[in-house]
Each structure stands twice: as structure tokens, then as C-alpha cells.
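Asker: I would like the atomic coordinates for the input below:
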Amino acid sequence: MAIKYQYKAKEYASRSKMYLEVITDLFIGNPNLTLEEVNNKLGITILTSDKEEATRRKLPPIPNSKAELYLRDAVNGQKYCAIFIEKLKENFGLEVKQIGEGEEEESEISDGSNLEPFDDHKSKWGYKDKNTGEIVIKPKWDETWEFEEGLAIVMLEEIEDEKYVHGFINSKGEVIVPIIYDKVKDFDDGIALVEKDGEYGFIDKTGKIVVPLKYHNANYFNGWSEGYAALLKDGKYGYIDRTGKEITQFKYAKAKDFNEGLALVMFDSKWGFIDTTGKEIIPIKYDDAEQFKDGRAKVELDGDEFYIDKEGNKVD
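Answerer: Coordinates of the predicted model:
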């Protein structure tokens, strides 16, 4: 939620350069924080990721009238709002008071299907309208991806840690999922795979962790199969459902996607099939096997290849 403040200026254009420098110091390098004008009464210039360029820009005089300013930070908005207020008081003699929590200006949030990534030729990425070419989200990310299910993956480089971190934004450029993950995948029916410090789990579209980050090597994950996912833990595979419940023991050397209600698994170098409750429906005894298709699966046993049905009976 945005924090809404009201203030009036006592000093104007003579302080504009310092005003811009203070804003730049506060906001440059903090991609979660945005400063935006409301009702066109406050002349705030567009800030860039380049501090030198930002400080060269001229800030229009601060009007001698009440204006509203929204400060929004997806991680720690209260902290930065407090800092900003003190800077206004200290440097510009502005009278600042909190007038309560205000909702952001009403506007429809699209699913982002009309947006496409673009770069500013300075190694920063944003989004523009596919049809008009109009810039919708200003370039500030080190890489961006297409929107899926109303959210898009964005990436930033953490220079000190020498790594890249990822999160999700909506079509207004607001950070919805904090940019903290080493790897992420697009949302699939409201759930996305994320990885941090080598451990994998799943989040929902609010950023809430719905499946704890305790699984490993899930790079192969290509979506849920019939509502289930095969994951690796402690060197063995098992299955979870979309709530994070483990429906099998994690004991398999290999595990395939569910198909037609059954999943192909390997244990002690032999193949068999389990159902969605984790029960072994077709014995794990085959030397090789393929997934079911149209009610039949091809298997190999002692050098003999043949087809079986879902009860394990040999069929033509």
C-alpha cells in the first residue's frame, strides 16, 4: 500500500538543484522504490539509473501550494518514507505531515500481453506497448522477460555479491515478488518455481511461499503434470501436489511426469508405475518402459518387448 503525504513549500526554485540531488541519493540504486507525481502539481523529473545524468536535469520550481506525493517501496516503504520526510524538512524547509494511508490512484492493471521488453542501449531493459511503441515501464532492469499470467520476470545484477537476482513485476512496473531469487520460472496456473542458495520451492502470485524451498536440482521442471511435480531431495526423487504435500517417499532414482493418471518411476534399476496417491499400481520390475499413451505402455522384460494396460496385463 502506498503511504500518502501532504506538504507545502516555503522555498522554491533556488533549492531545485539540491532537491534533485537529495532525491537522486535516496532513490538511485533502489529499484524497489518509486517516486511519482500525483495530479500534476509537483514537478518531479524522471529519474534514471545514471546518477550523473539525473543530477544534470533541471527540476521545475516546487509550487507554492499543497500537493500529494506517493512513496512506494515493495520491501521497506516505511523506512524510506521517514528518511525522505526528514530530508525535505532539513534541506528545503518543507512542512510535511502524514495524512493517513492512501490507496494508489485507480487504474486498470492489464495482463501485460500488450507489452514487450526493450532496451535503452545502455544495458537497461523496460517495456513498451507492442502496438504503439509507447514506453510503459521505463528501463531499469538488467534483463526482462515476456509477461505470463499477468506478471513478468525481471533481473538485476548484485555487483557486490557477483550474482543476478530475479523477481516479478506487474504491467504497471510494480514489484510484486521481491527481487531476491537466484532463479525463477514463469507462473504456471498461479504457481512459480523459485530457487535461492541452491534450494527450490514454489510461490504464489503474491510472493507467498506455498511450497518450502527445500528441494534440489529442479532446473528440468517444465510445469505441473496433472497437478503433480517430480522433485529431487537428498539425491532421490519423489512427488508433491500443488499444496506442497509429498504424495510419495523420496526414494526413486528417476521419476517421469504423470500421464493418464500414472507416472513412470525407477527404483533399483527397474521401472514401474505409481498412481496419484503414490501407490505402486504396476510392479517395479521392468528393464525399460515408456509412458502410457491411449491406455497402453511399451515395456521390456528379460529382453522381451511388449505392451501392457493400466492393470499390468500384456496386450496387443
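Asker: any idea how the protein splits into domains?
Answerer: 3-101, 115-217, 224-316 (automatic domain parsing).
Asker: let's verify residue 173: helix, strand, or coil?
Answerer: Classification of residue 173 by DSSP: H, G, I helix; E, B strand; the rest coil places it in coil.
Asker: also residue 112?
Answerer: coil.
Asker: quick check: the gap between it and residue 229.
Answerer: Distance, residue 112 to residue 229, using Cβ to Cβ, to the nearest Å: 25 Å. From N, CA and C alone the C-beta is placed, and that goes for glycine too.
Asker: and those two? Which one has more around it.
Answerer: residue 229 (26 against 21; other Cβ atoms under 10 Å).
Asker: which ones are touching the closest residue to that one other than its chain neighbours?
Answerer: The shortest distance from residue 229 to any non-neighbouring residue, by Cβ to Cβ, 6 or more residues apart in numbering, is to residue 240 (5.7 Å). Neighbouring residues of residue 240 by Cβ atoms under 8 Å, 6 or more residues apart in numbering: 211, 228, 229, 231, 246, 247.
Asker: and residue 240, what element?
Answerer: strand 236-241 (DSSP states H and E).
Asker: output the lowest mean pLDDT helix or strand found in the protein.
Answerer: For the chain, the helix or strand with the lowest mean confidence is strand 3-8, at a mean of 34 (criterion: mean pLDDT, DSSP states H and E).
Asker: got any ranges where the protein has weak pLDDT?
Answerer: Applying pLDDT under 70 to the chain picks out residues 1-108, 219-220, 222.
Asker: please repeat the previous calculation with a cut-off of 50.
Answerer: Counting by pLDDT under 50, the chain contains low-confidence residues at 1-82, 92-106.
Asker: show me where the stretch 51-200 of the chain has helices.
Answerer: Listed in chain order, the helices of the stretch 51-200 of the chain (DSSP state H, counting those that start in this stretch) span 51-56, 77-92.
Asker: what does stretch 183-200 contact?
Answerer: 145, 148-149, 151, 153, 166-168, 177, 180-182, 201-205, 210-211, 213-219, 221, 223-224, 231, 242.
Asker: can you turn the buried part of the contacts of residue 240 into a PyMOL selection?
Answerer: Selection command for PyMOL covering only the buried members of those, criterion 16 or more other Cβ atoms under 10 Å:
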select buried, resi 211+228+229+231
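Asker: closest one of the contacts of residue 240 to residue 263?
Answerer: When the contacts of residue 240 are compared for distance to residue 263 (Cβ to Cβ), residue 228 wins out at 7.5 Å.
Asker: how near is the closest one to residue 288?
Answerer: 23 Å.
Asker: name the SS class of residue 312, please.
Answerer: Classified using three-state DSSP, residue 312 is coil.
Asker: thinking residue 178 is in contact with residue 167, fair?
Answerer: Yes - using Cβ atoms under 8 Å, residue 178 is in contact with residue 167, at 5.3 Å.
Asker: common neighbours of those two, please.
Answerer: Joint contacts of residue 178 and residue 167 (Cβ under 8 Å, 6+ apart) do not exist.
Asker: so between the two, which is more surrounded?
Answerer: Set side by side, residue 178 and residue 167 show more neighbours around residue 167, with 25 against 15, by other Cβ under 10 Å.
Asker: is it correct that the more buried one is in contact with residue 203?
Answerer: No - if you go by Cβ under 8 Å, residue 167 and residue 203 don't touch, sitting 10.0 Å apart.
Asker: show residues contacting stretch 304-316.
Answerer: For stretch 304-316, the surrounding residues in contact (Cβ under 8 Å, 6+ apart) are 260, 261, 262, 281, 282, 283, 292, 295, 296, 297, 298, 299.
Asker: can you select the buried ones among those for me in ChimeraX?
Answerer: Only the buried entries of those go into this ChimeraX selection, using 16+ other Cβ under 10 Å:
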select :262,282,292,296,297,299
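Asker: in a markdown table: the contacts of stretch 304-316, plus distance to residue 139 and secondary structure.
Answerer: Formatted as a markdown table, the contacts of stretch 304-316 follow (distance: Cβ to Cβ, whole Å; DSSP: H, G, I helix; E, B strand; the rest coil):
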| residue | distance to residue 139 | secondary structure |
| --- | --- | --- |
| 260 | 47 | coil |
| 261 | 47 | coil |
| 262 | 48 | strand |
| 281 | 53 | strand |
| 282 | 54 | strand |
| 283 | 58 | strand |
| 292 | 48 | coil |
| 295 | 53 | coil |
| 296 | 53 | strand |
| 297 | 51 | strand |
| 298 | 52 | strand |
| 299 | 54 | strand |
